[in-house]
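S.K.: based on what follows, work out the 3D shape:
(4 chains)
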Number of protein chains: 2
Amino acid sequence: MSKSLVSLALRGDAGVSEATGARILAAAERLGYRSNTLARGLVQGRTMILGVLLTDLANPYHTEVVAGVEEAADTGGFTVLMAHGRRDRARLAHQLDALLRLNVDGVVVVSSWVEPDALADAARRAPVVMVGRPERFTGGVDTVTNDDRAGAEAAVRHLAELGHERIAHLSGSRSPASRTRREGYGEAMGALGLDRRVAVREIGDDPRGGERAAEALLAARPTAVFAVNDLAALAVLDRAHAEGIAVPEELSVVGYDNTALADTVRPRLTSVDQPRLVMGGLAVEMVVERLSGRTEDRHEVLTPSLVIRASTARPATEG
Amino acid sequence: MSKSLVSLALRGDAGVSEATGARILAAAERLGYRSNTLARGLVQGRTMILGVLLTDLANPYHTEVVAGVEEAADTGGFTVLMAHGRRDRARLAHQLDALLRLNVDGVVVVSSWVEPDALADAARRAPVVMVGRPERFTGGVDTVTNDDRAGAEAAVRHLAELGHERIAHLSGSRSPASRTRREGYGEAMGALGLDRRVAVREIGDDPRGGERAAEALLAARPTAVFAVNDLAALAVLDRAHAEGIAVPEELSVVGYDNTALADTVRPRLTSVDQPRLVMGGLAVEMVVERLSGRTEDRHEVLTPSLVIRASTARPATEG
DNA sequence: AAACGAATCTGGAACGTTCCATATTCGAGT
DNA sequence: ACTCGAATATGGAACGTTCCAGATTCGTTT
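M.R.: Okay, the predicted model is just below:
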C-alpha cells in the first residue's frame, strides 16, 4: 500500500475505495497517527495557522478581540496561535518574525507597539491586519479600528444630556488613539457650546501619573469626567473616593473600552464600548480576502457604542 | 556556492572562511532571507517552540504564569506560542492536538479543564507539564502547583491573629483546588480551637451564584471571610457594601490568587499569592529536563504567601 | 474475448532545511 | 616540486507530507 494512497484516504479523497479507506483509517486510529503540520505546511505552502500578536496578555481589551478572531478562524478552518510581546518592542518584533518563519497564513496584530516598518516588512511575507490602531499604513497592511472621535463625542453628549456642563477630560499620553479621543472631546464640547468649559489633563509617564493627573483635574471641580480609558477612569474614581466626592451623585465618570474592569469596579463604570468581537472577525475576513488575491489595502472603521452603568447621573443641583 | 555552505554560514559555523561567511551574510541581508521554521523543524526533529495551553485568556491568574514561562523560555532559546481553549473542553483538546502536530518541543498546560486522558496521550508525544492543578497524573505528566492547604491555613491564621473567631469560608464548586482550600480552612480552624465556628457556603453554578452564596454567608454575621479566590472575595465585598457593612472595620475579607483584581478593588484585597512567575519558570525547567532524558515524573509543590492589604483588620470590639 | 473508459492505486519529485561523508583547496614542511 | 594535514567547500540523503503523471485493475460493451 503506497504512502500516497494512505495520504489520500486520510484526507477523505473520493477516489479511494470504501474498503481500503476504512482499513487505512482503522490502522491510523490504532497507531494513533497524527499528520505532521510541519511537513504538510512545507509542501502545501499553507499552514492554516493564523498568528495573533499581542502586546500585553494582561490587557483585557485585547483578549476580547482575540475571541472574535478565534470565532471567525474556527469557521474558516484556521488554528489560532498567539505570540506575546510583553510590552517590549524588541520582543514584539522578534515574535512577529517567529510567526512569519512558521509560515502562518496571516497575522493579526493587536498592539500599538509594533513599529510601522516591521509591519510593512511583515506584510510582504504574509497578510497582516492591524487591529485597534487608528493610523493607516501604506504597503499592504489592512486595519480595523473603532471611531475614537465618535466614541468621545458619544461620551460627552451623554454627559451633556444628563445636564453636565463642567465636563473635564483625563487624556492619555501621546498615543494616536488618545489624541483622537481628545479631539473628539474638544469638538463635542464646542458643538454643545461648552468651549469655555474645556479642561484637559494629560496622564504623565511616571507610575503615579494617573493618580496625580486625576487629582489635578478634580481640583477644578468638574461635575463630570470623561477618561481616555477605563484604567484612567479608575484613577478618577479612586481620587474621588479619597476626597469624599460621591460618584455618581456629585461626580459622573465615563471610561473607554468597556473592559471587564468597567463591570468590576464600584460603582460600575459607564464606558464606551468598541465592538471587539466584530473587529476580530473582520480581521480574519481581511486575511482571507488577501489570501484569495485582494491587493488593495482595506481600512475598516467601526462605530463604538456607549454602555451606560452606574457611574453617571444628573449633576447635583447646586445651591 | 552550495546550499550546504550557505546553511553553515548562516548558522555561524566555525568551518566557514571569514570572507565567504561575510559575503553570504550580506547577500542574505540584502535578500531579506529568513530561515523556514517548518523545514528546519522537520529535519531536526526539534522546533525550539514551547506551546502553552490556556483555558481562558481573560483569567489574570494564568497570564502571570505565562510571563514566568516566557522568561525562562527566552533564556533557553525557546519561542513561546499560546493556544487558547476559550473555556471549552473540546476546543482545548483540539488546540492541544494542534500544538503537538506542530512538533512543539514541550507543552505547558495552564488549565484545569483538560481531560487527564488527553494529557497522558499528549505526554506520549512531547513533554507535558501541568501548572496549577493539584492532582497527580500518571504516565509522564509533570506538575507544578501551590500548596492550597498551606495557603488556606495562612489566611485563617492571619485572621485569627488579628483576633477574629467567627471566620467563615466561601467555597468554590468541586474543583480539586477548591476542595483542598476548604480542607485547609477546616483544619486550621480546628487547630485554633475554632471548630465550632466553622461556616462554609458553596458557590452554586448559576450566574449569580457568588452573590447569593455571599449573602447567605453574611447572614451568619461572621467578622471575617476567607474566600476561595479573588472573584469570590469580590462578591463578598459587594454584598457587604450593599448591606452597609464596612470593610475592613466590620468585616475582614481574604481572597486567593492575588490577581490584579486584588490590587484594583477598593479596599485593596488581602490575598494568598501563588508564586506564579516561579511556577512558570519551573515548568520550562521540567520540559528541558525531559528533553534531555529524564523519565521519572516530577511533582513540585510551592508554598504560597499571604499578601496583606487593606481588606483585613482587627474585628470591631463588640459592645 | 477484445477494447475501452472509469475507478483505483502507485512511484517519484518537491517543499526548505540540516547532516553527513566526501571532495577540493591551501599553506607549510621537506 | 611533493606530500600531508588542516581548512574549507560540496553533493546528496533525509525529514513527512502532498501532488502529479502514470500504471494497474475492473466492469461493460461490443
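S.K.: how about the residues of the stretch 151-300 of chain A by chain B?
M.R.: Residues of the stretch 151-300 of chain A that fall close to chain B, judged by CB under 8 Å from any CB of the partner chain: A:234, A:238, A:241, A:260-261, A:264-266. Heads up, the C-betas are built off the backbone N, CA and C, glycines and all.
S.K.: same thing but at 7 Å, please
M.R.: Selection of the stretch 151-300 of chain A residues close to chain B by CB under 7 Å from any CB of the partner chain yields A:234, A:241, A:260-261, A:264, A:266.
S.K.: could you work out the most separated pair of those?
M.R.: The largest separation in these, counting by CB to CB, is between A:His241 and A:Ala260 at 20.2 Å.
S.K.: give me the more crowded residue out of those two.
M.R.: Legend: neighbour count by other CB atoms under 10 Å in any protein chain shown for A:His241 and A:Ala260, higher for A:Ala260 (16 against 13).
S.K.: please name the nearest non-neighbouring residue to the more buried one.
M.R.: A:Pro60 (4.8 Å; CB to CB, 6 or more residues apart in numbering or on different chains).
S.K.: and A:Glu211, how many neighbours does it have?
M.R.: The number of residues packed near A:Glu211 is 16, by other CB under 10 Å.
S.K.: am I right that it is in a strand?
M.R.: No. With DSSP: H, G, I helix; E, B strand; the rest coil as the criterion, A:Glu211 is located in helix rather than a strand.
S.K.: give the contact list for it.
M.R.: A:Glu211 makes contact with A:235, A:238-239, according to CB atoms under 7 Å, 6 or more residues apart in numbering or on different chains.
S.K.: I'd like these written out as JSON lines, with secondary structure added.
M.R.: Formatted as JSON lines, the contacts of A:Glu211 follow (three-state DSSP):
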{"residue": "A:Ala235", "secondary structure": "helix"}
{"residue": "A:Asp238", "secondary structure": "helix"}
{"residue": "A:Arg239", "secondary structure": "helix"}
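S.K.: which single one of those is nearest to A:Leu306?
M.R.: Closest to A:Leu306, out of all of the contacts of A:Glu211 and judged by CB to CB, is A:Ala235, at 20.3 Å.
S.K.: which of the residues of the stretch 151-300 of chain A next to chain B sits closest to DNA strand C?
M.R.: Using CB to the nearest atom of the strand, A:Ala260 comes nearest to DNA strand C of these, at 41.9 Å.
S.K.: sorry, back to before: now pLDDT, secondary structure and distance to DNA strand D too, for the residues of the stretch 151-300 of chain A next to chain B, in TSV please.
M.R.: Formatted as TSV, those follow (pLDDT from 0 to 100; DSSP: H, G, I helix; E, B strand; the rest coil; distance: CB to the nearest atom of the strand, whole Å):
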residue	pLDDT	secondary structure	distance to DNA strand D
A:Leu234	94	helix	50
A:His241	90	helix	60
A:Ala260	87	helix	41
A:Leu261	88	helix	45
A:Thr264	85	helix	46
A:Arg266	86	coil	54
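S.K.: reformat the residues you listed as CSV; add distance to B:Asp147.
M.R.: What follows is those, written out as CSV (distance: CB to CB, whole Å):
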residue, distance to B:Asp147
A:Leu234, 33
A:His241, 36
A:Ala260, 29
A:Leu261, 31
A:Thr264, 28
A:Arg266, 33
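S.K.: how about the helices of chain A, start to end?
M.R.: A:3-10, A:18-31, A:37-44, A:60-76, A:89-101, A:116-123, A:148-162, A:176-191, A:209-219, A:230-242, A:260-264, A:276-291 (DSSP state H).
S.K.: turn those into JSON lines, columns for distance to DNA strand C.
M.R.: Shown next, in JSON lines, are the helices of chain A (distance: least, CB to the nearest atom of the strand, whole Å):
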{"stretch": "helix A:3-10", "distance to DNA strand C": "3"}
{"stretch": "helix A:18-31", "distance to DNA strand C": "4"}
{"stretch": "helix A:37-44", "distance to DNA strand C": "3"}
{"stretch": "helix A:60-76", "distance to DNA strand C": "24"}
{"stretch": "helix A:89-101", "distance to DNA strand C": "8"}
{"stretch": "helix A:116-123", "distance to DNA strand C": "16"}
{"stretch": "helix A:148-162", "distance to DNA strand C": "41"}
{"stretch": "helix A:176-191", "distance to DNA strand C": "35"}
{"stretch": "helix A:209-219", "distance to DNA strand C": "45"}
{"stretch": "helix A:230-242", "distance to DNA strand C": "43"}
{"stretch": "helix A:260-264", "distance to DNA strand C": "42"}
{"stretch": "helix A:276-291", "distance to DNA strand C": "17"}
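S.K.: tell me, how many residues neighbour the closest residue to A:Met48 other than its chain neighbours?
M.R.: Closest residue to A:Met48 apart from its sequence neighbours, by CB to CB, 6+ apart: A:Phe78 at 5.4 Å. Here the number of neighbours of A:Phe78 (other CB under 10 Å) works out to 21.
S.K.: cool, the one 4 residues further on as well?
M.R.: Residues contacting A:Met82 under the criterion other CB under 10 Å number 28.
S.K.: that one touches B:Met82, doesn't it?
M.R.: Yes. Shown here, A:Met82 and B:Met82 form a contact pair, counting by CB atoms under 7 Å, at 4.3 Å.
S.K.: next, show the common contact partners of those two.
M.R.: By CB under 7 Å, 6+ apart, no residue touches both A:Met82 and B:Met82.
S.K.: just the closest residue of the stretch 51-200 of chain A to DNA strand D, please.
M.R.: Per CB to the nearest atom of the strand, the residue of the stretch 51-200 of chain A with the smallest distance to DNA strand D is A:Asn103, at 12.3 Å.
S.K.: so what's that residue up against?
M.R.: Counting by CB under 7 Å, 6+ apart, A:Asn103 has contacts A:41, A:47, B:36, B:38.
S.K.: need the contact list for the third one.
M.R.: When contacts are counted by CB under 7 Å, 6+ apart, B:Asn36 touches A:101, A:103.
S.K.: with adjacent residues omitted, what lies nearest to the residue in the stretch 101-250 of chain A that chain B sits nearest to?
M.R.: Taking CB to the nearest CB, chain B has its nearest neighbour within the stretch 101-250 of chain A at A:Arg101, 4.3 Å off. For A:Arg101, ignoring the flanking residues on the chain, the nearest one in space by CB to CB, 6+ apart is B:Thr37 at 4.3 Å.
S.K.: give me the number of residues near that neighbour?
M.R.: Neighbour count for B:Thr37, taken as other CB under 10 Å: 24.
S.K.: isn't the residue of the stretch 101-250 of chain A closest to chain B right up against B:Leu38?
M.R.: No. The criterion here is CB under 7 Å, and A:Arg101 misses it with B:Leu38 at 8.3 Å.
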